[in-house]
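Peer 1: build me a structure from this.
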Amino acid sequence: MLSVLIPVYNYAVFPLVLEVHKQCVAAGIQFEILCQDDCSTSHIEENLAIEQLPYCTFSKNKVNLGRGNNRNLLIQKAQFDWLLLLDCDTFPRDSFFIKNYLSFIQKPMSSLVFGGIIYHPKKPHNSQLLRWVYGQKREALPCNIRNKKPNSSALTSNLLIKKEIATQFPFPESLKEYGYEDFCFLTNLALHNITVFHLDNPTFHLNIETSTAFLAKTEMAQKNLLFLVRHQIIDTKESKIARVFLLVEKLKLAGLLSWLFQKTKKKVSQNLCSKKPSLLLFDWYKLGYLCHLQTNAV
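Peer 2: Numbers count the residues shown, from 1 in each chain. Alright, predicted model coming up:
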């Protein structure tokens, strides 16, 4: 019936597994929960408790595969026709989470469905506000908004998908570091006329990292985006930042924007790591860093 697949990296995932396990048992279905650790350095012992739960496994990669490849391996291991991909730092909003997906499986309207993501309304510490503000404004979107751009507004942190589709169109193996593996995977499905169906069945995103850490991951993601654009791996029409970047390149302004980015980076970073981060400045940071990468490419 259902394989729940959870890639793990430096996070205590046992509470999530326990909750999903409880809901699957209550639903009376055949299921498995497969957790695969990608060479973490923390929370190993507590996550090993997953092995004590029936139909659950916790395995550890010998080498770091990266987010996309770790998911691909989990997909290969899954034994059931429907897969539920969950990030390790998520948690169901309510006790009907699995039942809602089972109702969809009984009368499927698509081969994949995104339940949504939400954030706790209470603001985190000032040092963590950028990730929280970005998530609230750009990710935690209602179904009617997500359905306007179904594939580009979905995430794989809470995605139900047929195994045959996930196997036929795997996550990109070329992306080893953080960033754009979800986008690449989902827009590739769109190119093959496989559209995401959106449900109101969200998970909370719990792991709100510091703004400094999120900025560092953002820079890593822009490196991936530049690689995808250069090698024409993605449909750039689906990415606003990629479209603007290509326009800047066409107008031969990348060098100027790279220079402006270097001049403004310190002050922009101060804002983004403050208690009132601006998403407009965050967009400029991503575009400016892209231009910087392109201009300084060897």
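
Peer 1: switch to C-alpha atoms for all contacts and neighbour counts from now on
Peer 2: Fine.

Peer 1: contacting residues around stretch 282-293?
Peer 2: 218-219, 222-223, 226, 241, 244-245, 254-255, 257-262, 265, 268, 272 (C-alpha atoms under 8 Å, 6 or more residues apart in numbering).

Peer 1: number of nearby residues for residue 216?
Peer 2: If you count neighbours by other C-alpha atoms under 10 Å, residue 216 ends up with 11.

Peer 1: Three-state assignment for it, please.
Peer 2: helix (DSSP: H, G, I helix; E, B strand; the rest coil).

Peer 1: please, where are all the helices along the stretch 151-298 of the chain?
Peer 2: Using DSSP state H, counting those that start in this stretch, the helices of the stretch 151-298 of the chain run over 163-168, 181-191, 211-230, 240-250, 254-272, 279-295.

Peer 1: circling back: just the buried residues from the contacts of stretch 282-293, in ChimeraX please.
Peer 2: Burial among these is assessed by 16 or more other C-alpha atoms under 10 Å; the matching ChimeraX selection reads:
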select :218,219,222,223,226,241,245,254,255,257,258,261,265,268,272
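
Peer 1: my guess is residue 207 contacts residue 89, does it?
Peer 2: Yes - with contacts defined as C-alpha atoms under 8 Å, residue 207 counts as touching residue 89 at a distance of 5.6 Å.

Peer 1: looking at these two, which is more packed in?
Peer 2: Neighbour count, other C-alpha under 10 Å: between residue 207 and residue 89, residue 89 has more, with 22 against 13.

Peer 1: which residues touch that one?
Peer 2: Residue 89 sits next to 11, 13, 205-207 when contact means C-alpha under 8 Å, 6+ apart.

Peer 1: show me the contacts for residue 184.
Peer 2: Going by C-alpha under 8 Å, 6+ apart, residue 184 touches 171-172, 233-234.

Peer 1: give me the buried subset of the residues you listed.
Peer 2: Buried members of the contacts of residue 184, scored by 16+ other C-alpha under 10 Å, are 171-172, 234.

Peer 1: format those as JSON lines; extra columns: pLDDT and distance to residue 212.
Peer 2: JSON lines is the format used below for these (pLDDT from 0 to 100; distance: C-alpha to C-alpha, whole Å):
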{"residue": "171", "pLDDT": "90", "distance to residue 212": "28"}
{"residue": "172", "pLDDT": "83", "distance to residue 212": "27"}
{"residue": "234", "pLDDT": "77", "distance to residue 212": "28"}
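
Peer 1: can you put those residues in TSV and add distance to residue 52?
Peer 2: Listed next are the buried ones among the contacts of residue 184 as TSV, based on distance: C-alpha to C-alpha, whole Å:
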residue	distance to residue 52
171	30
172	33
234	42
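
Peer 1: out of those residues, which one sits closest to residue 42?
Peer 2: Residue 42 lies nearest to residue 171 out of those, by C-alpha to C-alpha, at 25.6 Å.

Peer 1: who are the neighbours in contact with that closest one?
Peer 2: Contacts of residue 171 by C-alpha under 8 Å, 6+ apart are 68-69, 71-72, 181-182, 184-185.

Peer 1: how close does it sit to residue 225?
Peer 2: Remark: distance between residue 171 and residue 225 (C-alpha to C-alpha, to the nearest Å) = 15 Å.

Peer 1: for residue 102, same thing?
Peer 2: 35 Å.

Peer 1: for these two, indicate the residue with more neighbours.
Peer 2: Neighbour count, other C-alpha under 10 Å: between residue 102 and residue 225, residue 225 has more, with 25 against 18.

Peer 1: not counting its neighbours along the chain, what's nearest the more buried one?
Peer 2: Computed as C-alpha to C-alpha, 6 or more residues apart in numbering, the closest residue to residue 225 that is not its neighbour in sequence is residue 180, at 6.7 Å.

Peer 1: do the same with residue 126
Peer 2: The shortest distance from residue 126 to any non-neighbouring residue, by C-alpha to C-alpha, 6+ apart, is to residue 275 (5.0 Å).

Peer 1: no further queries at this time; thank you.
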